[in-house]
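[1] attaching a predicted model along with its sequence, questions to come.
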Amino acid sequence: MKRDAVLTIDEIDLSDLNFWERPYAQREAAFELLRRERPMPFYAEPEDNDSPIPVPVGPGYYALTRHADVTQASRHPEIYCSGKGAVSILDLPPEMMEYFSGMISTDNPRHARLRRIVSNAFNPRRIQAIEDSIETVARQVVSDAKEKGECDFVLEVAAPLPLKIICDMMGVPESQYDAVFRCSNVILSMGDLEYVPVGHPIEAFLAAGAELMAIMEDLGTFRRENPVDDITSALVNSSIDDESLTNQELASFFVLLVTAGNETTRTAIAHGLDVLTKNPDQKALWMSDVPAHTAGGVEEIVRWASPVIWMRRTLTQDTVLSGVDLKTDDKVLLFYNSANRDEEVFVDPYRFDITRDPNPHVGFGAAGPHFCLGAHLARREIGVMFKELFAQTPNIVATGEPDQLRSNFVNGIKHLPCAFNLA
């Protein structure tokens, strides 16, 4: 990938949404400069004077741009905690935090309890059923899309697969798929005008979160009395050590699932087609032996896409990280996208290489208690989707540049034109 260094070190402001509207090449050059010259810069927190809900602006945050620092923070949750907010730079008020009060924004012992209950619901039989359904859904999605000759790859291919898998395994009826898709887009939009054309983003965020929580609270209540063989029934009707999820915890888990699990897998698949189109040699290599190269191809797509750009941690005590004195209550943002291009870890990091080995990317988070619970499912969905694309539409290519989501949190692609039958 070509980098386009147009910003000086002092012009880079990771809190400015305008930075995240820049082309990928400019963003990559900026992080390359940070890693080399200022690997742990400090930034003021973004201000929003028009917010309908008072959100106090905090003291600022340190941006961790190197792989070693991101992994160090991830491995020590006793020092770098998630419970004060993992998905927002600002300290959100309770009415907003409740939507992310599940596993992603908690620490032990509550985090361990929630993860234990959820993991128990995904027993081997259910996991096998979900994996079997991925094959069926991916095959149908590709079959339907290729008949059009060309389409928006995101809307017709990348998005439907994870959306249907998540909704089906939770027992959400097809009639509510559109609502789930719309609400998840709004929650992760950062106010992108395509998804929030009017009103304040916080109001839209709250409304979308409330709508998703209502869907799952209603379903959870119904499944307590009318269980079937889905994950929701398992979550509300089973307990570990006399513990089960409350309706609110179930709803928060669902919001996390349909945002983190839906949007991020969609993003990885979309980036995958884009980068394979730009690297036809890698596409040809993968297609030459799909079983042999799928695992490596999936890992490299996740590294390349880095679907979640950062997560926040808050210091529980004074410490020193790479020579920088950090104090209790300091905020740090773990920039996974930058860690995944760290020249100290990845040879030629701007080269897309499906045979890269080792590939210690942090696209699912780094090792630690908050490593993505859905990583296996995401890997499976990405791998199966490209297997189906190669089998049914070997000539598929992206025919334009990605339409980037205006977000500093999700490296999203809103639209990507593609054609299936170009020789």
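    Alright, I've got the coordinates. It should be emphasised that the depicted structure is a prediction, and the values quoted were computed from it without experimental measurement.
[2] how about low-confidence regions in this protein?
    Where the chain drops to pLDDT under 70, the residues are 49, 93-102, 239-243, 422-423.
[3] how many residues are close by Asp132?
    Asp132: 10 surrounding residues under other CB atoms under 10 Å. C-betas here are computed from N, CA, C, even on glycine.
[4] just the element for it, please.
    For Asp132, the host element (DSSP states H and E) is helix 124-146.
[5] who does that helix touch, helix- and strand-wise?
    Other elements packing on helix 124-146 under the criterion 3 or more CB pairs under 8 Å, 6 or more residues apart in numbering; DSSP states H and E are helix 160-170, helix 375-392.
[6] show me what the helix or strand just after the longest one is packed up against.
    Spelled out, that is helix 375-392. Downstream of helix 375-392, the first helix or strand assigned by DSSP H and E is strand 397-398. With contacts taken as 3+ CB pairs under 8 Å, 6+ apart, strand 397-398 sits against helix 262-278, strand 417-419.
[7] for strand 397-398, which strands pair with it and how are they oriented?
    Paired strands of strand 397-398, with direction, are strand 417-419 (antiparallel) (DSSP bridges).
[8] next one: the partner strand to chain centre, how far?
    With CA atoms, centre = their mean, to the nearest Å as the basis, strand 417-419 stands 23 Å off its chain's centre.
[9] what comes into contact with that strand?
    Strand 417-419 is contacted from outside by Gly149, Glu150, Cys151, Asp152, Phe153, Val157, Leu273, Ile396, Val397, Ala398, Thr399, Gly400, using CB atoms under 8 Å, 6 or more residues apart in numbering.
[10] residue contacts, the fourth one?
    It refers to Asp152. Contacts of Asp152 (CB under 8 Å, 6+ apart): His415, Leu416, Pro417, Cys418.
[11] which residues pair with the last one across the strands?
    Just to be clear, that refers to Cys418. Assigned bridge partners for Cys418, using DSSP bridges, are Cys151, Ala398.
[12] if I look at it, how far off is Pro162?
    Going from Cys418 to Pro162 by CB to CB, to the nearest Å gives 18 Å.
[13] on that earlier part again, can you name the residues in contact with the helix holding Asp132?
    Outside helix 124-146, the residues that reach it (CB under 8 Å, 6+ apart) are 151, 156-157, 160-161, 164-165, 168-169, 229, 231, 234, 377, 380-381, 384-385, 387-389, 392-393, 396, 420-421.
[14] now do the contacts for Ser338.
    By CB under 8 Å, 6+ apart, the contact list for Ser338 reads Phe31, Leu34, Arg35, Thr65, Arg66.
[15] who are the contact partners of the closest residue to Ile269 other than its chain neighbours?
    Closest residue in space to Ile269, ignoring its immediate chain neighbours: Ala158 at 4.0 Å, by CB to CB, 6 or more residues apart in numbering. Applying CB under 8 Å, 6+ apart to Ala158 gives the contacts Arg266, Thr267, Ile269, Ala270, Leu273, Met385, Ile413, Leu416.
[16] looking at those, which one is closest to Phe346?
    Taking CB to CB as the measure, Phe346 lies nearest Thr267 of the contacts of Ala158, at 20.0 Å.
[17] number of nearby residues for Gln392?
    Number of residues near Gln392 (other CB under 10 Å) recorded here: 15.
[18] that one and Asn279: what is the separation?
    As judged by CB to CB, Gln392 and Asn279 stand 21 Å apart.
[19] cool, and Ala292?
    From Ala292 over to Asn279 the distance is 18 Å, taken as CB to CB.
[20] next one: Tyr80
    According to CB to CB, Tyr80 stands 36 Å off from Asn279.
[21] of the two, which one has the most company?
    Under the criterion of other CB under 10 Å, the comparison of Tyr80 against Asn279 puts Tyr80 first, with 27 against 18.
[22] list the residues that contact the more buried one.
    Ala73, Ser74, Arg313, Thr314, Leu315, Thr316, Val332.
[23] and the fourth one, helix, strand or coil?
    Read it as Thr314. Per DSSP: H, G, I helix; E, B strand; the rest coil, the local secondary structure of Thr314 is strand.
[24] how far away is it from Leu235?
    With CB to CB as the criterion, Thr314 and Leu235 are 29 Å apart.
[25] which of the two has more neighbours?
    Each of Thr314 and Leu235 has its neighbours counted (other CB under 10 Å); Leu235 has more, 24 against 21.
[26] let's see the helix or strand encompassing the more buried one as CSV, backbone CA atoms only.
    Taking DSSP H and E as the criterion, Leu235 maps to helix 231-237. Provided in CSV are the C-alpha atoms of helix 231-237 (Å, rounded to 0.1, in the frame of the first residue of the first chain):
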residue,chain,number,x,y,z
ILE,A,231,-29.1,-19.1,21.9
THR,A,232,-31.6,-16.8,23.5
SER,A,233,-33.5,-19.7,25.0
ALA,A,234,-30.2,-21.1,26.3
LEU,A,235,-29.1,-17.8,27.8
VAL,A,236,-32.4,-17.1,29.7
ASN,A,237,-33.2,-20.7,30.8
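[27] angle of the very next helix or strand once past it against helix 160-170?
    Next in sequence after helix 231-237, counting helices and strands by DSSP H and E, comes helix 247-256. Following axes from the mean of the first three to the mean of the last three CA atoms, to 10 degrees, one obtains 160 degrees for the angle between helix 247-256 and helix 160-170.
[28] quick one, strands of the protein?
    Ranges of strands in the chain, per DSSP state E, are 42-43, 61-64, 80-81, 150-152, 310-315, 319-321, 324-326, 331-335, 397-398, 403-404, 413-415, 417-419.
[29] could I get those as TSV with distance to Phe205?
    What follows is the strands of the chain, written out as TSV (distance: least, CB to CB, whole Å):
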stretch	distance to Phe205
strand 42-43	22
strand 61-64	20
strand 80-81	23
strand 150-152	25
strand 310-315	17
strand 319-321	31
strand 324-326	30
strand 331-335	19
strand 397-398	30
strand 403-404	20
strand 413-415	17
strand 417-419	29
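[30] how near is the residue most central in space within the chain to Leu188?
    With distances taken as CA atoms, centre = their mean, the residue of the chain nearest its centroid is Thr264 (3.5 Å). For Thr264, the distance to Leu188 equals 9 Å [CB to CB].
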